[in-house]
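> For reference, the sequence and a predicted model appear below.
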2 protein chains.
Amino acid sequence: MSLRRTLPVSLALGLTMAAGAQADEGMWMPSQLPELAKPLKAGGFKGDPGALATVTAPPLSAVVRAGGGTGSFVSPYGLLLTNHHVAMGVIQYNSSAGHNLIDDGFIARDRADERPSNPDFRVLVTVGFDNVTDQVLAQARGKTGRAYFDAVDAASKQIVADCERAGNVRCSVADMYYGTDFYRISQLELTDVRLVYAPPRAIGNYGDEIDNFMWPRHTGDFTLLRAYVGKDGKPAAYSADNVPYQPPAHLQMSLQGPKEGDFAMLAGYPGITYRHRTAAEFASQIDAVLPRRVALFQQMIDTIEAATKDDTQARTRYASQLQSLKNNRKRAAGELEGLLRSDAKTRRAADEQAMLADADPRYRGDIQALLGTLSQGAAVGERDLLLDQVANQTQLLRSALLLERLRIESAKPDAQRESGFQQRDQALIEGVLKQAQRRYDPAVEKALLSALLARYQQLPDAQRLPEFDTAFGRTPQALATALDGLYARTTLGEEAQRLSRFAAAREGKALAPDPLLALAGPLVAAQLRIEDEKKTRDGEGLRLRPAYMQALFAWRAKQGRAVYPDANRSLRISYGKVEALSPRDGVHYDPVTTVAGIVEKNTNAYPFDAPRPLLQAIAKADFGSTADPALKTQTVNFLTNLDTTGGNSGSPVLNAKGELIGLNFDSNWESVSASWWFDPRFKRAVHVDMRYLRWLLAKVYPAPALLQEMGVPAE
Amino acid sequence: MSLRRTLPVSLALGLTMAAGAQADEGMWMPSQLPELAKPLKAGGFKGDPGALATVTAPPLSAVVRAGGGTGSFVSPYGLLLTNHHVAMGVIQYNSSAGHNLIDDGFIARDRADERPSNPDFRVLVTVGFDNVTDQVLAQARGKTGRAYFDAVDAASKQIVADCERAGNVRCSVADMYYGTDFYRISQLELTDVRLVYAPPRAIGNYGDEIDNFMWPRHTGDFTLLRAYVGKDGKPAAYSADNVPYQPPAHLQMSLQGPKEGDFAMLAGYPGITYRHRTAAEFASQIDAVLPRRVALFQQMIDTIEAATKDDTQARTRYASQLQSLKNNRKRAAGELEGLLRSDAKTRRAADEQAMLADADPRYRGDIQALLGTLSQGAAVGERDLLLDQVANQTQLLRSALLLERLRIESAKPDAQRESGFQQRDQALIEGVLKQAQRRYDPAVEKALLSALLARYQQLPDAQRLPEFDTAFGRTPQALATALDGLYARTTLGEEAQRLSRFAAAREGKALAPDPLLALAGPLVAAQLRIEDEKKTRDGEGLRLRPAYMQALFAWRAKQGRAVYPDANRSLRISYGKVEALSPRDGVHYDPVTTVAGIVEKNTNAYPFDAPRPLLQAIAKADFGSTADPALKTQTVNFLTNLDTTGGNSGSPVLNAKGELIGLNFDSNWESVSASWWFDPRFKRAVHVDMRYLRWLLAKVYPAPALLQEMGVPAE
């Protein structure tokens, strides 16, 4: 059922020849790289594409998951390069009032001075990547809907349990091509990770939110960590006796830098993309989901601003929620803008139409059924968004819903509880219940619920839920009366009241009465029903999407193009080139920035408060061997057309010889829509030039021993 | 005393050869153009530089003052091209609730349909430009200070009176090179000016404040007017019987457009520049004046925002003042940023030092004396700024000061009254007194005065004025008590009270008592003393600066460079070329924009609400003969390095053959500091491409008769 099994050899060969025409789109599974040898070579790659196929062999075995992003080993002694923002938790954990490592940066004097990471920081080294499709689907075949979903879920859990039995590894099952192929991923889990080198915040996060998503960029977003293991070489909890981990491979830093047109490749753990979704899903995203999100977030922004206008305390309490809504609104608007600019709906529809016209008739039944299932989900999209917000944008109502759900789940054995309500999740829930105090104002919560539920009341009958109708009525008057009554009588505004219920709920015991908890009973029942319906649709998706994917494989093969799976946090490789950007009429951006831009942006005030040692070193212009030979100055960041998404933070960028030239840390704003549609005109990834790192370590905040360890000159 | 009289012929020839090295800096008097023949030719100019020397001969006789900017005749029948924003008053005057010409645009069906301008709109055709230096200075020589000032003032007034006696012309005396040369300018005053063609606001002001100062730009900032005269060909007030004015010359629109590197020149009436100020004045501007303005404006912004935080009505009343303070702050900060970026202080100081070291000893005494006079002015700069703001940022106190000054001035014969307080100014004063009602809140006014006068109280003794010390005390406590008392007791918060005083003041009669008016008596006396001191310093400046300028002429001549006079609203010519802009590290802007950018910026919401007919025409891509042959699309705006400043709005931009290719309407943000220092790296002027105008008139909002009248194809 895998792509390679599906395609005849001749086609597989044919497609590799023209894959370069895909304009560098693609987050490839390592196993696909040998098929892409021709375009890789045509792009300038000097290495052996076959060597890229195995996740457990160099160079890929040097690339790991680190925290929420990616990292790579850069020395034989476990030295690990990742982003400053990926390692922020580690830096923060080692900061105190007296010694602020975030602002000051940190250079370990020696290995003994390296600082332990926060306890939940993990480095995961992929040690196994195996196709387990037959095993996952064995019990699912012949089933439909929820039963299909449960069979896949149970088989996956069994595979994970078997895999982890040997010890020392964390296992997972990755769904490739939407239910078509499944892979078992085994990862060594390193928990003793230490802070070695961090630049000051004003280098590592120069420009902060103002420059986020922006190009040209001037940020040294890198940090060096080191992984440790027990003396036996096996993963171990932090101990002073532990020894540096000896990775199966490490990357060699290049002494040359990138220039426009150079081949570049990148490996990492991209999070999630939607590139192979159906034309109907594209249309729904563009015509319904994103406009709806923009409008709803804007309404909540307006609601909070109006409700806190004359109340300074309330304004403070909702500042963070407001900021988050504004960010979400901006992201959704940016994604919509990008998809419209790329005309993604029309283009995806035309592509799918051609694919369906050409598709093997045996797939048509499943594809028709899939489209029906998807349209069922889309039909309740607005309701589900509203109910999500009812639960997530409130404090007391959210608390009541959480408590009721926790009570229900806690009555089950831990393993059978819904994820998010297991014992390991209880501290998080307690935190939510506690912090409600600092984020709650009754007038604002009522205003938000009025806005959300007024929209809910206007949904067609088929979308509404009897429990919600009963709770909040069918008219604005009824809604206002219900909310006034609930918030006048509830005692959940008091922390002690919430925490006493929490103590009962975590035991699965009945909760002492409260009007909001009384309401939560039927509302959670409705939520559970919605969840069940969603799992049923998801099961149908798992069952039916493979037909769509097979039709897509065949269609792409006819076009001479290979198909990569949508991103799912598994290890992927992108290749392309260093490329400039012309995002708008009359505007051209160089692909490489220089330290001149740091000085231009510097205002001596956050977030453009470049450290004095950096400014002095730039003024001194002593760049030595790290200067760009053509530009005659020190470079900072560079731009490629590599295919990335969230999770690629910290991905190493390699040159044609497989040497490390950059560290991925951001995308340009025009790329926000790339999770759905890769537009080669606008999709760029933003990297730290390794020459900038080398210069900082050589001349500005010196760490010559680290440069030596990485095998590069210390000047 | 003029430049040409000062320089020996050999030097005059020498400087023309190297003037091109001035990187296109210069707002030249037309009479200087023959001297610049070599650099003009070297830059690509194909015409006769001699023909540019005479303001009363073509092509300069086609260039006129229009409203607050510049305009040019583009047909033999008085058709006049200027900016949409220059003609905004005319468009507004013809708009009504039923027919909004601002939003809709306007195309006159025929000449009878052309609409009269607002009564105070003027077109001034320069018909005389003569050196009157000897006449102006005859009585001044041998005098100093205030007497020198008064002698120049009296002689200038006499020259104007003599000049205007013939009738039909407005005359003025322009001071060139800071008291070195004086020119009598005679201008035909055309008052019957009519609206012929205006694009909709969303073309003429596309992007509004967001795009103001921005590049790349996509604005059709143009309007066509027509000047009318009496049947006798002489200027006349509006009458239906009037006939189109036949200008002495008109510009011919080119059928070709600009491309990078092309020669370009521009004529117009630039307002004011400070390029030839002393190094001490540069240092004061950069180290004191601008930082002081930024800080003071910011403090007033903060004061108003804090004082109106919980008062919606007050917030509304101060919205416009707040916006204006923010704009002023932004301008001052931008000017400061630019001067720092250009290192203007150091560079001007080095230049002056070299000049002084080389200067003829006979100039040294006057130059020393000048620097002393200037430092006296600089020493009271902070006080004068604070007192200006006390008068201008308040409503009731301003009203009291205005009324008291009006009373004093109105006791004199009209001609002897200070400008601003003559009979013709009374309507304006009445307007200020009336609108105070809508812009006043006692708490905010007191907060502003507290902030301003607290700064005043901290000035050194030598700067403070006994009248202000007596009125507001010497301590914050005394100030608070004084303000509380004044605003509790004054009745000037009532419009009727202000207007009854106005009726008395305009007759020069005593004003009915009020605490603020009682205060205004001594404060106005102090203001008059400051004014007198300033006129004395100005007189010394007029007397002494010519020595500085002579030293500068000699020094520049040694450098092979000519000297243009700082801008003073008289007719000037700049020449240079079409040039791209790279304002920051990694950023490059094309010098020409296209209609693609209109679509990219369009949001369907103000200020990016491109009209549907425009968007449809762009989508249709029917650009015909107005398309750029290389870009294969329609251009919109372009960029040159021409030397411009405020007042150059509406200036025609000519190509090497003297044909009209553009219409100046803005500068880039990096040019804000160019009023002091021309930095060729950043100084650009922004123009409407005449091909965009022609396309709009041909295909989008058609006016074929106008195209025919301008002698260009209607397609």
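The structure has been received and is ready for your questions. Residues are numbered from 1 along each chain as shown, chains lettered A, B, ... in the order given.
> Which helix or which strand is home to the residue in the stretch 351-500 of chain A that chain B sits nearest to?
With C-beta to the nearest C-beta, the shortest gap between the stretch 351-500 of chain A and chain B falls at residue A:443, namely 16.6 Å. For the C-beta atoms, the positions are set from N, CA and C on the backbone; glycine is no exception. Under DSSP states H and E, the secondary-structure element containing residue A:443 is helix A:442-457.
> next structured bit after that helix?
On the C-terminal side of helix A:442-457, the nearest following helix or strand under DSSP H and E is helix A:466-472.
> What residues of the helix holding residue A:443 count as buried?
Within helix A:442-457, the residues that qualify as buried by neighbour count (16 or more other C-beta atoms under 10 Å in any protein chain shown) are A:442, A:444-457.
> got it, and stretch A:487-501?
Those would be A:487, A:490, A:491, A:492, A:493, A:497, A:498, A:501, for stretch A:487-501 by 16+ other C-beta under 10 Å.
> Could you list the residues of chain A in contact with chain B?
Contact residues of chain A with respect to chain B, defined by C-beta under 8 Å from any C-beta of the partner chain, are listed as A:215-216, A:218, A:310, A:341, A:584-590, A:592-594, A:596-597, A:600.
> go with 7 Å
Proximity of chain A to chain B, by C-beta under 7 Å from any C-beta of the partner chain, involves residues A:216, A:310, A:584-590, A:593-594, A:596-597, A:600.
> From the residues you listed, which one has the minimum pLDDT?
The lowest pLDDT within those belongs to residue A:310, with 87.
> Count residues in the vicinity of the residue of the stretch 301-450 of chain A found nearest chain B, would you?
The minimum distance from the stretch 301-450 of chain A to chain B, using C-beta to the nearest C-beta, falls at residue A:310 (6.3 Å). Around residue A:310 there are 12 other residues, counting by other C-beta atoms under 10 Å in any protein chain shown.
> Could you do the one 4 residues further on as well?
Neighbours of residue A:314 under the rule other C-beta under 10 Å: 18.
> Now do the buried residues in the host helix or strand of it.
When elements are defined using DSSP H and E, residue A:314 is found to belong to helix A:312-317. By 16+ other C-beta under 10 Å, the buried positions in helix A:312-317 come out as A:314, A:315, A:317.
> Can I get these in a markdown table including pLDDT?
Conversion of the buried residues of helix A:312-317 to a markdown table gives the following (pLDDT from 0 to 100):
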| residue | pLDDT |
| --- | --- |
| A:314 | 91 |
| A:315 | 89 |
| A:317 | 90 |
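> I figured residue A:73 hits residue A:250, correct?
Yes. Residue A:73 is within contact range of residue A:250, at 4.1 Å (criterion: C-beta atoms under 7 Å).
> what residues are shared contacts of the two?
residue A:62 (C-beta atoms under 7 Å, 6 or more residues apart in numbering or on different chains).
> mind showing which ranges of the stretch 451-600 of chain A have poor pLDDT?
Of all residues in the stretch 451-600 of chain A, none has pLDDT under 70.
> Domain boundaries for chain A, per the record?
What automatic domain parsing lists as the domains of chain A is A:60-253, A:279-545.
> Comparing those, which comes out most buried?
Mean neighbours per residue, mean count of other C-beta atoms under 10 Å in any protein chain shown, is largest over those for domain A:60-253, with a mean of 19.
> can you dump the C-alpha coordinates of the host helix or strand of residue A:427 into PDB?
Secondary structure here is read from DSSP H and E; on that basis residue A:427 sits in helix A:426-435. Backbone C-alpha positions of helix A:426-435 (Å, rounded to 0.1, in the frame of the first residue of the first chain) are rendered in PDB as follows:
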ATOM      1  CA  GLN A 426      -4.100  16.600  36.800                       C
ATOM      2  CA  ALA A 427      -1.400  19.100  37.700                       C
ATOM      3  CA  LEU A 428      -2.200  21.000  34.500                       C
ATOM      4  CA  ILE A 429      -5.900  21.000  35.300                       C
ATOM      5  CA  GLU A 430      -5.300  22.200  38.800                       C
ATOM      6  CA  GLY A 431      -3.100  25.000  37.300                       C
ATOM      7  CA  VAL A 432      -6.000  26.100  35.100                       C
ATOM      8  CA  LEU A 433      -8.400  26.100  38.100                       C
ATOM      9  CA  LYS A 434      -6.000  28.200  40.100                       C
ATOM     10  CA  GLN A 435      -5.100  30.800  37.500                       C
END
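> For that helix, the averaged confidence score.
Here the average pLDDT along helix A:426-435 is 90.
> packing partners for it?
In terms of contact count using 3 or more C-beta pairs under 7 Å, 6 or more residues apart in numbering or on different chains; DSSP states H and E, helix A:426-435 is assigned the packing partners helix A:396-410, helix A:495-505.
> contacts for stretch A:598-606?
With C-beta under 7 Å, 6+ apart as the contact definition, stretch A:598-606 has outside contacts at A:206, A:207, A:218, A:608, A:610, A:614, A:615, A:618, A:636, B:584, B:585.
> switch to 10 Å and redo it
Surrounding stretch A:598-606, the residues in contact under the criterion C-beta atoms under 10 Å, 6 or more residues apart in numbering or on different chains are A:103, A:201-203, A:205-208, A:210-211, A:216-220, A:594, A:607-612, A:614-615, A:618-619, A:634, A:636, A:692, B:337, B:341, B:583-587.
> What about these, which are in helices?
A:103, A:201-203, A:208, A:210-211, A:612, A:614-615, A:618-619, A:692, B:337, B:341 (DSSP state H).
> Contact partners for residue A:632?
Residues near residue A:632 by C-beta under 10 Å, 6+ apart: A:594, A:621, A:623.
> Can you say which of those residues are buried?
Buried among the contacts of residue A:632 by 16+ other C-beta under 10 Å: A:594, A:623.
> Tabulate the contacts of residue A:632 (TSV), appending distance to residue A:425.
As requested, the contacts of residue A:632 are exported to TSV (distance: C-beta to C-beta, whole Å):
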residue	distance to residue A:425
A:594	48
A:621	54
A:623	51
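> Closest to chain B out of the contacts of residue A:632?
Among those, and counting by C-beta to the nearest C-beta, the member closest to chain B is residue A:594, at 5.6 Å.
> about what we covered before: only whichever of the residues of chain A next to chain B are buried, select them in PyMOL.
Of those, the buried ones go into a single PyMOL selection, burial set by 16+ other C-beta under 10 Å:
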select buried, chain A and resi 216+584+585+586+587+588+589+590+593+594+596+597+600
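> Among the residues of chain A next to chain B, which are located in strands?
Secondary structure assignment by DSSP state E places A:587, A:588, A:589, A:593, A:594 of these in strands.
> Can you name the residues that contact the residue in the stretch 51-200 of chain A that chain B sits nearest to?
When distances are taken as C-beta to the nearest C-beta, the stretch 51-200 of chain A approaches chain B most closely through residue A:199, which lies 19.3 Å from it. Residue A:199 is in contact with A:84, A:104-107, A:205-206, A:219-224, A:611, A:614, A:692-693, A:696-697, A:700-701, counting by C-beta under 10 Å, 6+ apart.
> so residue A:93 touches residue A:106, yeah?
No. With contact taken as C-beta atoms under 10 Å, residue A:93 and residue A:106 are classed as non-touching, separated by 11.5 Å.
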